[in-house]
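Novice: Model the following, please.
(one chain, ligands or ions: 1)
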Amino acid sequence: MPTKVQNESLIKLINIEKSYRQPNGQVITIMEQINLELRTGEIVALLGPSGSGKSTLMRIITGLVTPTQGQVLYRQEPMRGLNPGAAIVFQNSALYPWLTVLENVELGLKAIGEGPRSRKRKALRMIDIIGLDGFENAYPKELSGGMRQRVGFARALAVEPELLCMDEPFSALDVLTAENLRFELLDLWLEKKIPTQSILIVTHNIEEAVILADRIIVLGSNPGRVRADFPMTLPHYRDRKQAAFQAIVDRVYKILTNPDLDEPEEETPEPMSTGQTGSEPQTPKYQLLPHVRIGSIAGLLELLENRQEDLYRLGQELQLELDDILPIVEGAKLMQLVALNEGDIAVTALGQAFIAGDIDQRKLIIRQQLLNHIRLVQQIFAFLNAKQNSRIPESLVLDILERYFTPQEANRQLDTAIDWGRYGELFGYDEPAKEIFLETPVLDDPLALTTTEV
Ligand SMILES: Nc1ncnc2c1ncn2[C@@H]1O[C@H](COP(=O)(O)OP(=O)(O)OP(=O)(O)O)[C@@H](O)[C@H]1O
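Specialist: Presented below is the predicted three-dimensional model:
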(Lines give C-alpha, C1' and ligand atoms only; values in the text may rest on other atoms or scores of the structure.)
Protein backbone atom coordinates (compact mmCIF):
# COMPACT_ATOMS: atom_id res chain seq x y z
CA MET A 1 0.00 0.00 0.00
CA PRO A 2 1.51 3.39 -0.96
CA THR A 3 2.34 5.55 2.02
CA LYS A 4 0.66 8.90 2.28
CA VAL A 5 2.88 11.83 1.50
CA GLN A 6 1.74 14.71 3.63
CA ASN A 7 1.13 18.23 2.47
CA GLU A 8 1.81 18.02 -1.26
CA SER A 9 -0.42 20.08 -3.52
CA LEU A 10 -2.99 17.78 -5.12
CA ILE A 11 -5.53 20.27 -6.45
CA LYS A 12 -5.24 24.00 -6.65
CA LEU A 13 -8.12 26.24 -7.66
CA ILE A 14 -7.11 29.72 -8.74
CA ASN A 15 -9.75 32.43 -9.02
CA ILE A 16 -12.44 30.03 -10.11
CA GLU A 17 -15.68 31.46 -11.36
CA LYS A 18 -18.66 29.56 -12.70
CA SER A 19 -21.46 31.24 -14.59
CA TYR A 20 -24.42 29.83 -16.48
CA ARG A 21 -26.18 31.50 -19.36
CA GLN A 22 -29.93 31.49 -18.81
CA PRO A 23 -32.49 30.84 -21.56
CA ASN A 24 -33.11 34.62 -21.66
CA GLY A 25 -29.42 35.20 -22.44
CA GLN A 26 -28.62 36.58 -19.00
CA VAL A 27 -25.44 35.27 -17.42
CA ILE A 28 -25.68 34.26 -13.77
CA THR A 29 -22.56 33.82 -11.71
CA ILE A 30 -23.02 31.04 -9.18
CA MET A 31 -19.53 31.22 -7.71
CA GLU A 32 -16.63 33.62 -7.94
CA GLN A 33 -13.08 34.13 -6.72
CA ILE A 34 -12.68 30.64 -5.37
CA ASN A 35 -9.09 30.09 -4.32
CA LEU A 36 -8.23 26.94 -2.50
CA GLU A 37 -5.81 24.09 -2.43
CA LEU A 38 -6.32 20.46 -1.46
CA ARG A 39 -3.19 18.81 -0.16
CA THR A 40 -2.25 15.21 0.37
CA GLY A 41 -2.84 13.78 3.82
CA GLU A 42 -5.98 15.76 4.60
CA ILE A 43 -9.71 15.23 4.80
CA VAL A 44 -11.44 18.44 3.81
CA ALA A 45 -15.10 19.12 4.55
CA LEU A 46 -17.00 21.56 2.39
CA LEU A 47 -19.98 23.12 4.14
CA GLY A 48 -22.37 25.85 3.06
CA PRO A 49 -26.02 26.69 2.62
CA SER A 50 -28.05 25.07 -0.09
CA GLY A 51 -27.17 26.57 -3.47
CA SER A 52 -23.77 27.90 -2.41
CA GLY A 53 -22.12 25.75 -5.07
CA LYS A 54 -20.65 22.87 -3.04
CA SER A 55 -21.57 20.20 -5.60
CA THR A 56 -20.50 22.40 -8.49
CA LEU A 57 -17.14 23.00 -6.85
CA MET A 58 -16.66 19.26 -6.33
CA ARG A 59 -17.55 18.67 -9.97
CA ILE A 60 -15.02 21.31 -11.05
CA ILE A 61 -12.37 19.53 -8.97
CA THR A 62 -13.20 16.19 -10.58
CA GLY A 63 -13.32 17.73 -14.05
CA LEU A 64 -17.00 16.99 -14.60
CA VAL A 65 -17.74 20.72 -14.84
CA THR A 66 -15.47 23.28 -16.49
CA PRO A 67 -15.09 26.64 -14.77
CA THR A 68 -16.00 29.78 -16.70
CA GLN A 69 -12.87 31.50 -15.47
CA GLY A 70 -9.83 30.57 -13.45
CA GLN A 71 -7.52 27.64 -13.41
CA VAL A 72 -7.53 24.15 -11.91
CA LEU A 73 -4.12 22.64 -11.25
CA TYR A 74 -3.76 18.94 -10.59
CA ARG A 75 -0.38 18.15 -9.05
CA GLN A 76 0.78 21.62 -10.15
CA GLU A 77 -0.14 21.06 -13.81
CA PRO A 78 -3.20 22.59 -15.53
CA MET A 79 -5.97 20.02 -15.50
CA ARG A 80 -7.70 19.26 -18.80
CA GLY A 81 -10.81 17.12 -18.98
CA LEU A 82 -11.51 14.65 -16.21
CA ASN A 83 -9.30 14.58 -13.14
CA PRO A 84 -7.26 11.37 -13.57
CA GLY A 85 -6.79 10.94 -9.82
CA ALA A 86 -10.32 11.48 -8.53
CA ALA A 87 -13.31 9.25 -7.87
CA ILE A 88 -16.71 10.31 -6.57
CA VAL A 89 -19.21 8.76 -4.18
CA PHE A 90 -22.67 10.28 -4.47
CA GLN A 91 -25.52 10.44 -1.94
CA ASN A 92 -27.25 7.48 -3.57
CA SER A 93 -24.68 5.28 -5.18
CA ALA A 94 -26.21 4.65 -8.57
CA LEU A 95 -25.70 0.91 -8.89
CA TYR A 96 -26.72 -1.06 -11.93
CA PRO A 97 -29.55 -3.30 -10.68
CA TRP A 98 -28.83 -6.04 -13.21
CA LEU A 99 -25.19 -6.34 -12.13
CA THR A 100 -23.91 -8.12 -9.02
CA VAL A 101 -21.94 -6.34 -6.31
CA LEU A 102 -18.70 -7.62 -7.84
CA GLU A 103 -19.68 -6.52 -11.34
CA ASN A 104 -20.73 -3.09 -10.07
CA VAL A 105 -17.40 -2.62 -8.29
CA GLU A 106 -15.50 -3.83 -11.36
CA LEU A 107 -17.12 -1.15 -13.52
CA GLY A 108 -14.83 1.69 -12.45
CA LEU A 109 -11.78 -0.50 -13.05
CA LYS A 110 -13.07 -1.50 -16.47
CA ALA A 111 -13.50 2.18 -17.33
CA ILE A 112 -9.82 2.81 -16.66
CA GLY A 113 -8.79 -0.14 -18.81
CA GLU A 114 -7.90 -2.80 -16.22
CA GLY A 115 -7.86 -6.33 -17.64
CA PRO A 116 -10.42 -8.90 -16.42
CA ARG A 117 -8.12 -10.73 -13.99
CA SER A 118 -6.65 -7.72 -12.19
CA ARG A 119 -10.11 -6.13 -12.25
CA LYS A 120 -11.57 -9.04 -10.37
CA ARG A 121 -8.68 -9.24 -7.93
CA LYS A 122 -8.79 -5.53 -7.09
CA ALA A 123 -12.58 -5.48 -6.85
CA LEU A 124 -12.65 -8.49 -4.51
CA ARG A 125 -10.00 -6.95 -2.32
CA MET A 126 -11.92 -3.69 -1.99
CA ILE A 127 -15.19 -5.55 -1.36
CA ASP A 128 -13.41 -7.30 1.48
CA ILE A 129 -11.91 -4.09 2.89
CA ILE A 130 -15.22 -2.28 2.78
CA GLY A 131 -16.99 -5.08 4.69
CA LEU A 132 -19.01 -6.71 1.93
CA ASP A 133 -17.24 -10.05 1.98
CA GLY A 134 -19.75 -12.77 1.12
CA PHE A 135 -22.00 -10.43 -0.87
CA GLU A 136 -19.98 -10.44 -4.10
CA ASN A 137 -22.71 -12.19 -6.03
CA ALA A 138 -25.68 -10.37 -4.48
CA TYR A 139 -27.74 -7.94 -6.55
CA PRO A 140 -28.33 -4.37 -5.31
CA LYS A 141 -32.00 -5.02 -4.53
CA GLU A 142 -30.95 -7.69 -2.04
CA LEU A 143 -28.90 -5.17 -0.05
CA SER A 144 -29.84 -2.60 2.60
CA GLY A 145 -29.28 1.11 1.92
CA GLY A 146 -26.10 1.07 3.99
CA MET A 147 -24.70 -1.90 2.09
CA ARG A 148 -25.53 -0.35 -1.26
CA GLN A 149 -23.62 2.74 -0.17
CA ARG A 150 -20.71 0.48 0.78
CA VAL A 151 -20.75 -0.84 -2.79
CA GLY A 152 -20.54 2.78 -3.96
CA PHE A 153 -17.50 3.30 -1.73
CA ALA A 154 -15.91 0.05 -2.93
CA ARG A 155 -16.45 1.04 -6.57
CA ALA A 156 -14.85 4.45 -6.02
CA LEU A 157 -11.97 3.11 -3.91
CA ALA A 158 -11.20 0.12 -6.18
CA VAL A 159 -9.59 2.42 -8.74
CA GLU A 160 -7.26 3.59 -5.96
CA PRO A 161 -8.02 7.29 -6.45
CA GLU A 162 -5.62 9.83 -5.06
CA LEU A 163 -8.57 12.04 -4.28
CA LEU A 164 -11.83 10.59 -2.99
CA CYS A 165 -14.70 13.04 -3.45
CA MET A 166 -17.91 12.39 -1.56
CA ASP A 167 -21.09 14.36 -2.15
CA GLU A 168 -23.22 13.93 0.99
CA PRO A 169 -22.37 10.23 1.11
CA PHE A 170 -24.12 9.49 4.40
CA SER A 171 -27.17 11.72 4.16
CA ALA A 172 -29.54 9.12 2.71
CA LEU A 173 -28.71 6.59 5.45
CA ASP A 174 -30.32 6.14 8.85
CA VAL A 175 -28.48 7.72 11.78
CA LEU A 176 -26.78 4.55 13.06
CA THR A 177 -25.73 3.21 9.68
CA ALA A 178 -24.34 6.61 8.77
CA GLU A 179 -22.34 6.82 12.00
CA ASN A 180 -20.90 3.31 11.53
CA LEU A 181 -19.91 3.95 7.97
CA ARG A 182 -18.33 7.31 8.88
CA PHE A 183 -16.09 5.71 11.49
CA GLU A 184 -15.27 2.75 9.26
CA LEU A 185 -14.15 5.13 6.54
CA LEU A 186 -12.09 7.03 9.10
CA ASP A 187 -10.50 3.73 10.22
CA LEU A 188 -9.55 2.87 6.64
CA TRP A 189 -8.06 6.31 6.20
CA LEU A 190 -6.20 6.53 9.49
CA GLU A 191 -4.91 2.98 9.28
CA LYS A 192 -3.82 3.62 5.69
CA LYS A 193 -5.79 0.67 4.36
CA ILE A 194 -6.74 2.69 1.29
CA PRO A 195 -4.21 4.44 -0.94
CA THR A 196 -6.31 7.60 -1.09
CA GLN A 197 -4.16 10.70 -0.55
CA SER A 198 -6.89 13.18 0.18
CA ILE A 199 -10.64 13.13 0.84
CA LEU A 200 -13.08 15.91 0.03
CA ILE A 201 -16.51 15.60 1.55
CA VAL A 202 -19.50 17.84 0.80
CA THR A 203 -21.91 17.82 3.68
CA HIS A 204 -24.78 19.70 5.31
CA ASN A 205 -24.01 18.08 8.62
CA ILE A 206 -21.67 20.20 10.79
CA GLU A 207 -20.99 17.42 13.28
CA GLU A 208 -20.08 15.06 10.46
CA ALA A 209 -17.57 17.62 9.23
CA VAL A 210 -16.10 18.03 12.72
CA ILE A 211 -15.89 14.24 13.22
CA LEU A 212 -14.07 13.60 9.95
CA ALA A 213 -12.24 16.64 8.71
CA ASP A 214 -8.71 17.93 9.12
CA ARG A 215 -9.86 21.15 7.57
CA ILE A 216 -13.23 22.85 7.19
CA ILE A 217 -14.17 25.15 4.34
CA VAL A 218 -17.39 27.13 4.54
CA LEU A 219 -18.93 28.52 1.38
CA GLY A 220 -21.29 31.47 1.25
CA SER A 221 -23.96 31.94 -1.38
CA ASN A 222 -25.20 34.43 -3.94
CA PRO A 223 -22.70 33.97 -5.45
CA GLY A 224 -20.76 31.09 -3.93
CA ARG A 225 -17.43 32.08 -2.36
CA VAL A 226 -15.10 30.83 0.36
CA ARG A 227 -16.13 32.39 3.67
CA ALA A 228 -13.95 30.42 6.03
CA ASP A 229 -11.14 27.91 5.70
CA PHE A 230 -9.54 26.60 8.87
CA PRO A 231 -7.63 23.55 10.08
CA MET A 232 -8.95 21.19 12.73
CA THR A 233 -6.40 20.39 15.35
CA LEU A 234 -8.44 18.00 17.51
CA PRO A 235 -6.92 14.52 17.37
CA HIS A 236 -8.95 11.60 16.03
CA TYR A 237 -11.14 9.94 17.21
CA ARG A 238 -13.24 12.88 18.26
CA ASP A 239 -15.91 12.78 20.90
CA ARG A 240 -19.09 14.72 20.21
CA LYS A 241 -19.47 15.51 23.92
CA GLN A 242 -16.01 17.08 24.26
CA ALA A 243 -16.09 20.84 24.96
CA ALA A 244 -13.52 21.45 22.19
CA PHE A 245 -15.71 19.53 19.72
CA GLN A 246 -18.76 21.57 20.67
CA ALA A 247 -16.75 24.79 20.39
CA ILE A 248 -15.86 24.00 16.76
CA VAL A 249 -19.45 23.08 15.95
CA ASP A 250 -20.52 26.42 17.46
CA ARG A 251 -17.90 28.27 15.46
CA VAL A 252 -19.09 26.76 12.17
CA TYR A 253 -22.71 27.40 13.11
CA LYS A 254 -21.84 31.00 13.86
CA ILE A 255 -20.23 31.46 10.45
CA LEU A 256 -23.12 29.82 8.64
CA THR A 257 -25.76 31.84 10.41
CA ASN A 258 -23.97 35.17 10.09
CA PRO A 259 -23.64 35.84 6.37
CA ASP A 260 -21.88 39.13 7.18
CA LEU A 261 -19.18 37.52 9.28
CA ASP A 262 -16.42 36.15 7.09
CA GLU A 263 -13.35 34.49 8.54
CA PRO A 264 -10.11 35.04 6.67
CA GLU A 265 -9.12 32.39 4.19
CA GLU A 266 -5.85 30.54 4.52
CA GLU A 267 -4.40 32.04 1.38
CA THR A 268 -5.52 34.43 -1.31
CA PRO A 269 -3.52 34.24 -4.51
CA GLU A 270 -3.25 37.30 -6.70
CA PRO A 271 -5.93 37.54 -9.38
CA MET A 272 -4.70 35.76 -12.48
CA SER A 273 -5.81 36.04 -16.05
CA THR A 274 -6.28 32.70 -17.80
CA GLY A 275 -7.33 33.94 -21.18
CA GLN A 276 -10.62 32.09 -20.85
CA THR A 277 -14.06 33.62 -21.35
CA GLY A 278 -13.50 36.45 -18.96
CA SER A 279 -15.50 39.07 -20.75
CA GLU A 280 -18.99 38.18 -19.45
CA PRO A 281 -20.61 41.23 -17.85
CA GLN A 282 -20.85 40.94 -14.08
CA THR A 283 -24.38 40.70 -12.76
CA PRO A 284 -24.94 42.99 -9.78
CA LYS A 285 -26.14 41.29 -6.61
CA TYR A 286 -29.77 41.22 -5.61
CA GLN A 287 -31.15 40.54 -2.15
CA LEU A 288 -31.87 36.82 -1.93
CA LEU A 289 -35.01 35.95 0.02
CA PRO A 290 -34.93 32.77 2.07
CA HIS A 291 -37.79 30.45 1.19
CA VAL A 292 -39.71 30.50 4.39
CA ARG A 293 -43.28 31.22 5.44
CA ILE A 294 -44.06 34.00 7.89
CA GLY A 295 -45.72 31.31 10.04
CA SER A 296 -42.35 29.64 10.55
CA ILE A 297 -40.77 32.96 11.51
CA ALA A 298 -43.60 33.55 14.00
CA GLY A 299 -43.01 30.06 15.42
CA LEU A 300 -39.32 30.79 15.91
CA LEU A 301 -40.04 34.11 17.64
CA GLU A 302 -42.53 32.52 20.04
CA LEU A 303 -40.02 29.87 20.93
CA LEU A 304 -37.32 32.43 21.59
CA GLU A 305 -39.49 34.72 23.70
CA ASN A 306 -37.51 36.11 26.62
CA ARG A 307 -34.42 34.03 26.07
CA GLN A 308 -31.17 34.37 24.26
CA GLU A 309 -30.42 31.08 22.63
CA ASP A 310 -27.44 29.43 21.09
CA LEU A 311 -28.50 28.67 17.53
CA TYR A 312 -26.84 25.31 17.46
CA ARG A 313 -28.65 24.14 20.58
CA LEU A 314 -31.89 25.58 19.29
CA GLY A 315 -31.50 23.51 16.13
CA GLN A 316 -30.88 20.43 18.24
CA GLU A 317 -33.88 21.16 20.50
CA LEU A 318 -36.17 21.55 17.50
CA GLN A 319 -34.53 18.59 15.77
CA LEU A 320 -34.14 20.80 12.74
CA GLU A 321 -31.41 20.35 10.18
CA LEU A 322 -29.24 23.35 9.50
CA ASP A 323 -30.86 23.78 6.10
CA ASP A 324 -34.28 24.01 7.75
CA ILE A 325 -33.37 26.48 10.47
CA LEU A 326 -31.11 28.81 8.47
CA PRO A 327 -33.83 30.21 6.17
CA ILE A 328 -36.14 30.87 9.14
CA VAL A 329 -33.43 32.75 11.02
CA GLU A 330 -32.42 34.60 7.86
CA GLY A 331 -36.03 35.68 7.20
CA ALA A 332 -36.48 36.91 10.79
CA LYS A 333 -33.16 38.74 10.56
CA LEU A 334 -33.99 40.41 7.25
CA MET A 335 -37.11 41.82 8.90
CA GLN A 336 -35.11 42.81 11.99
CA LEU A 337 -37.23 40.67 14.27
CA VAL A 338 -34.16 38.90 15.63
CA ALA A 339 -30.54 39.89 16.07
CA LEU A 340 -27.58 37.56 15.89
CA ASN A 341 -24.57 37.95 18.08
CA GLU A 342 -21.67 35.48 18.09
CA GLY A 343 -23.87 32.53 17.20
CA ASP A 344 -26.57 33.49 19.69
CA ILE A 345 -29.96 34.61 18.55
CA ALA A 346 -32.15 37.08 20.44
CA VAL A 347 -35.52 38.63 19.71
CA THR A 348 -35.37 42.39 19.04
CA ALA A 349 -37.80 44.88 20.60
CA LEU A 350 -39.80 44.75 17.38
CA GLY A 351 -39.78 40.97 17.54
CA GLN A 352 -41.12 41.19 21.11
CA ALA A 353 -43.88 43.51 19.88
CA PHE A 354 -44.69 40.95 17.19
CA ILE A 355 -44.95 38.16 19.78
CA ALA A 356 -47.17 40.27 22.05
CA GLY A 357 -49.34 41.52 19.20
CA ASP A 358 -52.68 40.21 17.98
CA ILE A 359 -52.98 39.14 14.36
CA ASP A 360 -53.64 42.69 13.08
CA GLN A 361 -50.68 44.13 14.95
CA ARG A 362 -48.49 41.31 13.66
CA LYS A 363 -49.57 41.98 10.10
CA LEU A 364 -48.84 45.68 10.53
CA ILE A 365 -45.32 44.97 11.79
CA ILE A 366 -44.59 42.60 8.91
CA ARG A 367 -46.06 45.08 6.45
CA GLN A 368 -43.79 47.86 7.76
CA GLN A 369 -40.71 45.68 7.75
CA LEU A 370 -41.39 44.39 4.24
CA LEU A 371 -41.74 47.91 2.91
CA ASN A 372 -38.64 49.07 4.76
CA HIS A 373 -36.26 46.19 4.16
CA ILE A 374 -37.37 43.75 1.48
CA ARG A 375 -36.41 45.01 -1.91
CA LEU A 376 -38.53 42.68 -4.03
CA VAL A 377 -41.65 43.49 -2.02
CA GLN A 378 -40.90 47.21 -2.28
CA GLN A 379 -40.52 46.83 -6.02
CA ILE A 380 -43.74 44.88 -6.56
CA PHE A 381 -45.61 47.33 -4.33
CA ALA A 382 -44.24 50.29 -6.28
CA PHE A 383 -45.21 48.71 -9.63
CA LEU A 384 -48.73 48.00 -8.39
CA ASN A 385 -49.20 51.55 -7.20
CA ALA A 386 -47.94 52.91 -10.49
CA LYS A 387 -50.54 50.92 -12.44
CA GLN A 388 -54.03 52.36 -12.79
CA ASN A 389 -55.77 49.02 -12.37
CA SER A 390 -53.39 48.08 -9.52
CA ARG A 391 -52.51 44.79 -11.21
CA ILE A 392 -49.31 43.52 -12.81
CA PRO A 393 -48.55 40.26 -14.61
CA GLU A 394 -46.17 38.03 -12.68
CA SER A 395 -44.04 37.84 -15.83
CA LEU A 396 -43.05 41.47 -15.29
CA VAL A 397 -41.46 40.60 -11.96
CA LEU A 398 -40.03 37.33 -13.24
CA ASP A 399 -38.34 39.13 -16.13
CA ILE A 400 -36.51 41.32 -13.62
CA LEU A 401 -35.64 38.44 -11.33
CA GLU A 402 -34.30 36.35 -14.19
CA ARG A 403 -31.61 38.95 -14.71
CA TYR A 404 -30.15 37.80 -11.41
CA PHE A 405 -31.39 34.27 -10.80
CA THR A 406 -32.07 31.04 -12.66
CA PRO A 407 -35.72 30.73 -13.85
CA GLN A 408 -36.34 28.20 -11.06
CA GLU A 409 -34.88 30.47 -8.37
CA ALA A 410 -36.70 33.50 -9.83
CA ASN A 411 -40.00 31.62 -9.39
CA ARG A 412 -39.09 30.71 -5.83
CA GLN A 413 -38.19 34.33 -5.05
CA LEU A 414 -41.51 35.50 -6.45
CA ASP A 415 -43.46 32.85 -4.50
CA THR A 416 -41.79 33.94 -1.29
CA ALA A 417 -42.40 37.65 -1.95
CA ILE A 418 -46.08 36.94 -2.71
CA ASP A 419 -46.42 34.86 0.43
CA TRP A 420 -44.87 37.60 2.57
CA GLY A 421 -46.82 40.38 0.79
CA ARG A 422 -50.06 38.47 1.35
CA TYR A 423 -49.34 38.16 5.07
CA GLY A 424 -48.67 41.91 5.26
CA GLU A 425 -51.87 42.48 3.24
CA LEU A 426 -49.89 44.43 0.68
CA PHE A 427 -50.82 42.40 -2.35
CA GLY A 428 -52.45 39.18 -3.45
CA TYR A 429 -52.09 36.74 -6.32
CA ASP A 430 -54.69 35.91 -8.94
CA GLU A 431 -53.72 32.37 -9.94
CA PRO A 432 -55.85 31.97 -13.11
CA ALA A 433 -54.73 35.35 -14.49
CA LYS A 434 -51.14 34.94 -13.18
CA GLU A 435 -51.34 38.49 -11.92
CA ILE A 436 -50.40 40.22 -8.69
CA PHE A 437 -52.89 42.76 -7.40
CA LEU A 438 -52.87 45.42 -4.74
CA GLU A 439 -54.82 44.32 -1.65
CA THR A 440 -55.89 47.75 -0.51
CA PRO A 441 -54.42 50.60 -2.51
CA VAL A 442 -52.53 52.88 -0.11
CA LEU A 443 -51.90 55.89 -2.26
CA ASP A 444 -50.84 58.13 0.58
CA ASP A 445 -48.04 55.78 1.52
CA PRO A 446 -44.78 57.55 0.57
CA LEU A 447 -43.28 54.28 -0.60
CA ALA A 448 -46.23 53.52 -2.81
CA LEU A 449 -45.30 55.94 -5.54
CA THR A 450 -41.57 55.48 -5.63
CA THR A 451 -40.19 53.22 -8.29
CA THR A 452 -37.28 51.29 -6.95
CA GLU A 453 -34.16 51.11 -9.03
CA VAL A 454 -33.26 47.60 -10.18
N1 LIG B 1 -26.38 23.43 -15.02
C2 LIG B 1 -26.79 24.49 -14.32
N3 LIG B 1 -27.40 25.53 -14.92
C4 LIG B 1 -27.81 26.61 -14.22
N5 LIG B 1 -27.64 26.75 -12.89
C6 LIG B 1 -27.04 25.74 -12.24
C7 LIG B 1 -26.58 24.56 -12.90
N8 LIG B 1 -26.02 23.74 -11.97
C9 LIG B 1 -26.13 24.38 -10.77
N10 LIG B 1 -26.75 25.56 -10.95
C11 LIG B 1 -27.04 26.54 -9.89
O12 LIG B 1 -25.86 26.76 -9.19
C13 LIG B 1 -26.13 26.98 -7.82
C14 LIG B 1 -25.25 26.09 -6.98
O15 LIG B 1 -25.66 24.74 -7.16
P16 LIG B 1 -24.99 23.53 -6.37
O17 LIG B 1 -25.83 22.31 -6.61
O18 LIG B 1 -23.55 23.44 -6.72
O19 LIG B 1 -25.13 24.03 -4.86
P20 LIG B 1 -25.01 23.18 -3.51
O21 LIG B 1 -24.35 24.08 -2.52
O22 LIG B 1 -24.35 21.86 -3.78
O23 LIG B 1 -26.54 22.99 -3.16
P24 LIG B 1 -27.23 21.82 -2.31
O25 LIG B 1 -26.63 21.90 -0.94
O26 LIG B 1 -28.67 22.23 -2.33
O27 LIG B 1 -26.94 20.54 -3.00
C28 LIG B 1 -27.62 26.74 -7.61
O29 LIG B 1 -28.26 27.99 -7.57
C30 LIG B 1 -28.01 25.99 -8.86
O31 LIG B 1 -29.34 26.29 -9.21
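
Novice: where does the closest residue to residue 332 other than its chain neighbours fall, phi/psi-wise?
Specialist: Once flanking residues are discounted, residue 332 sits nearest to residue 338: 4.3 Å by CB to CB, 6 or more residues apart in numbering. Using the backbone N, CA and C atoms, a C-beta is placed for each residue, glycine as well. Residue 338 adopts backbone torsions of phi -130, psi 160, taken as degrees, to the nearest 10.

Novice: Kindly report the same for the one 3 residues further on.
Specialist: Dihedral angles of residue 341 (phi, psi; degrees, to the nearest 10) stand at phi -140, psi 110.

Novice: what bridges to it?
Specialist: Counting by DSSP bridges, residue 341 is bridged to residue 344.

Novice: pLDDT score for residue 415?
Specialist: pLDDT for residue 415: 96.

Novice: Is it within a helix or a strand, and which one?
Specialist: helix 407-423 (DSSP states H and E).

Novice: Please apply the same query to residue 227.
Specialist: Secondary structure assigned from DSSP H and E places residue 227 in strand 225-231.

Novice: what residues go with each domain of this protein?
Specialist: With domains defined by automatic domain parsing, the chain comprises 9-85+161-257, 284-356, 369-454.

Novice: and the end-to-end length of the longest one?
Specialist: Put plainly, it is domain 9-85+161-257. Using CA to CA, to the nearest Å, one end of domain 9-85+161-257 lies 31 Å from the other.

Novice: quick check: mean pLDDT across that domain?
Specialist: 93.

Novice: Now for residue 306: which residues touch it?
Specialist: Neighbour list for residue 306: residue 347 [criterion: CB atoms under 8 Å, 6 or more residues apart in numbering].

Novice: And for the residue lying closest to residue 351 once chain neighbours are set aside, the neighbour number?
Specialist: Excluding the flanking residues, the one nearest residue 351 by CB to CB, 6+ apart is residue 337, at 3.8 Å. Residues within reach of residue 337, counting by other CB atoms under 10 Å, total 25.

Novice: for residue 337, what are its contacts?
Specialist: Here residue 337 is in contact with 297, 301, 347, 348, 350, 351, 354, 365, 369 (CB under 8 Å, 6+ apart).

Novice: hmm, try it at 10 Å
Specialist: Residue 337 makes contacts with 297-298, 300-301, 304, 331, 347-355, 365-366, 369, as judged by CB atoms under 10 Å, 6 or more residues apart in numbering.

Novice: Can you report phi and psi for it?
Specialist: The phi/psi pair for residue 337 (degrees, to the nearest 10) reads phi -90, psi -20.

Novice: State the distance from it to residue 369.
Specialist: Using CB to CB, to the nearest Å, one gets 7 Å for the distance from residue 337 to residue 369.
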